[in-house]
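Asks: sequence unknown, structure follows:
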Ligand SMILES: Nc1ncnc2c1ncn2[C@@H]1O[C@H](COP(=O)(O)OP(=O)(O)OP(=O)(O)O)[C@@H](O)[C@H]1O
Ligand SMILES: [Mg+2]
């Protein structure tokens, strides 16, 4: 409840973690798979937005999800983050965490970060302060943060700032950043929480070509340290990620494989890539 109040105060779509009861289960990645979705069905008034969906994501993998409007891509992310509960199916984070039994806040705390389409950085605060605030939403560091940043926390901010390429803008108010830079800052804010899985919905909408290239580099850098699921319509961008692609159509997996393979799949051409 208090988390919700803070959330609306700050006008962010992000869930704050520091008041949430601890998730006792530890993430178990022994089998090399970080996310299991099996037989997931989500109905809205009888219409199946997700229809018997199976999806498996490896630890450290970068995966692109593509598919026509209404294919269920965002709804799938809503299921993973606990925003929408499926009518059927199972959804596991590692071997032992049943996401369907966890609240949205617990899922965020367990290490699943979500980047929404619209950047929601704190415009009146600097890049540094935005990252600092994002760290404050981790309950373990919040009490110390109010007093003074530890060396380790400062190092983490510097490391994230370097990853997102905003070293030159460290003390710039976020309101003055370009659209692309704001998107990177928001990814940085998610990284402050040390997520294990990042969900990114249409990150390059509205970006320049140069910003798109930098975003592709950034997401490729993140993979390995965490798993990343990217939903995107821009096929040049998807190609530049050079990662396995899953094509969703009518709430199910239509095809899966490299971009090379899926773009030559006649079913994919028929429902999605025909005009590309
Ligand atoms: N809360 C809701 N209530 C009713 N229908 C919904 C709701 N959310 C999504 N839908 C429907 O479910 C289907 C899947 O929507 P979803 O937003 O997941 O698609 P998407 O693949 O993300 O599409 P896009 O590429 O346009 O973002 C659509 O037909 C949509 O209208
Ligand atoms: Mg969507």
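Replies: Now that the structure is in, tell me what you want to look at. What you see is a predicted model, and the numbers here were worked out from it, not measured in a lab. Ligands and ions are numbered 1, 2, ... in the order given.
Asks: How about residue 236, nearest residue that isn't a chain neighbour?
Replies: Nearest non-adjacent residue to residue 236, counting by Cβ to Cβ, 6 or more residues apart in numbering: residue 212, 7.6 Å away. For glycine as for every other residue, the C-beta is placed from the backbone atoms N, C-alpha and C.
Asks: State the distance from residue 169 to residue 130.
Replies: Plainly put, residue 169 is 11 Å away from residue 130 if you go by Cβ to Cβ, to the nearest Å.
Asks: Please identify which of the two sits among more neighbours.
Replies: Higher neighbour count among residue 169 and residue 130: residue 130, with 25 against 20, using other Cβ atoms under 10 Å.
Asks: Correct me if wrong, but the more buried one is in a helix.
Replies: Yes: according to DSSP: H, G, I helix; E, B strand; the rest coil, the state of residue 130 is that of a helix.
Asks: what helix or strand is residue 48 on?
Replies: Counting by DSSP states H and E, the element that carries residue 48 is strand 47-58.
Asks: Strand partners (parallel or antiparallel) of that strand?
Replies: Strand 47-58 sits in its sheet next to strand 33-44 (antiparallel), going by DSSP bridges.
Asks: does any bit of the partner strand sit next to ligand 1?
Replies: Yes: Strand 33-44 reaches ligand 1 (Cβ under 6 Å from any ligand atom) through residue 44.
Asks: What are the contacting residues of that strand?
Replies: The contact list for strand 33-44 (Cβ atoms under 8 Å, 6 or more residues apart in numbering) reads 27, 48-61, 72, 75-76, 79-80, 84, 86-94, 196-197, 227, 229, 251.
Asks: switch the cut-off to 7 Å
Replies: Residues outside strand 33-44 that contact it (Cβ atoms under 7 Å, 6 or more residues apart in numbering): 48-59, 75, 79-80, 84, 86-94, 196-197, 227.
Asks: what residue lies at the spatial centre of the protein?
Replies: residue 199 (1.9 Å; Cα atoms, centre = their mean).
Asks: any idea how far it lies from ligand 1?
Replies: Between residue 199 and ligand 1 the computed distance is 12 Å (Cβ to the nearest ligand atom, to the nearest Å).
Asks: Please name the nearest non-neighbouring residue to that residue.
Replies: Spatial nearest neighbour of residue 199, chain neighbours left out: residue 114 (4.5 Å); criterion: Cβ to Cβ, 6+ apart.
Asks: For that neighbour, grab the count of nearby residues.
Replies: Neighbours of residue 114 (other Cβ under 10 Å): 23.
Asks: now residue 240
Replies: As a burial measure, residue 240 scores 18 neighbours (other Cβ under 10 Å).
Asks: ok, now residue 96?
Replies: Using other Cβ under 10 Å, residue 96 is surrounded by 12 other residues.
Asks: how about the nearest residue to it, chain neighbours excluded?
Replies: Spatial nearest neighbour of residue 96, chain neighbours left out: residue 28 (4.6 Å); criterion: Cβ to Cβ, 6+ apart.
Asks: does the one you found count as helix, strand or coil?
Replies: Classified using three-state DSSP, residue 28 is coil.
Asks: and it, what is it in contact with?
Replies: Counting by Cβ under 7 Å, 6+ apart, residue 28 has contacts 94, 95, 96.
Asks: Noted, bye for now.
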